[in-house]
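Asks: Could you look at this predicted model? Sequence included:
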Amino acid sequence: MFKKIFTTFIVFSALFVSFNFCLAEDPFKNNEVDNLQRKAIDTLNPVGLSSPQQLIGRLIKALLAPIGMLALFWVVMAGIMWMTAAGNPEKIKTASKILLWSGLGVFAILSSYLVVAIVFKFLAPV
């Protein structure tokens, strides 16, 4: 009998202790003032950038998508050219060059993004 009561007590106490009872609102926080400040900041800075590093980072990220699409296009075109070469060594050589240079271009773009991200991380204000 004692074991059942003790086990029940442990289970219910573990349940009640594990909940975080935070039901009251902070009486010193003024939500209206916070909302007005947020609206004022949004009207002054609609993009939400606080440094030139963020602007350059967003521009680079915006340019990566079209560059990735172009690289994918060239890889697919080179694959089609290779498959339709029918043993023609000149077409195979052209397709392999396209594959090589598109792969090197993607590598160069991604590595330049990595270098810029690392440099901006060290230049960013703390």
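Replies: Structure's in. What do you need?
Asks: Where does pLDDT dip in the chain?
Replies: 12-30, 124-126 (pLDDT under 70).
Asks: show me where it has strands.
Replies: Taking DSSP state E, the chain contains no strands at all.
Asks: In it, which helix is the longest?
Replies: As assigned by DSSP state H, the longest helix anywhere in the chain is helix 89-123.
Asks: helices or strands up against that helix?
Replies: helix 52-83 (3 or more C-beta pairs under 8 Å, 6 or more residues apart in numbering; DSSP states H and E). Quick note: C-beta positions are derived from backbone N, CA and C, even for glycine.
Asks: other SSEs contacting the helix it packs on?
Replies: With contacts defined as 3+ C-beta pairs under 8 Å, 6+ apart, the packing partners of helix 52-83 are helix 89-123.
Asks: Now the helix it packs on: buried residues?
Replies: By neighbour count on 16 or more other C-beta atoms under 10 Å, the buried set for helix 89-123 is 95, 98-99, 102, 106, 109, 113, 120.
Asks: out of these, which one sits closest to residue 36?
Replies: Nearest to residue 36, judged by C-beta to C-beta, of the buried residues of helix 89-123 is residue 120 at 32.4 Å.
Asks: Redo the buried residues of helix 89-123 as JSON lines? Include distance to residue 51.
Replies: Output for these, formatted as JSON lines (distance: C-beta to C-beta, whole Å):
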{"residue": "95", "distance to residue 51": "44"}
{"residue": "98", "distance to residue 51": "39"}
{"residue": "99", "distance to residue 51": "39"}
{"residue": "102", "distance to residue 51": "34"}
{"residue": "106", "distance to residue 51": "28"}
{"residue": "109", "distance to residue 51": "23"}
{"residue": "113", "distance to residue 51": "18"}
{"residue": "120", "distance to residue 51": "9"}
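Asks: got the angle for the longest helix of the chain vs helix 52-83?
Replies: Angle, helix 89-123 to helix 52-83, by axes from the mean of the first three to the mean of the last three C-alpha atoms, to 10 degrees: 170 degrees.
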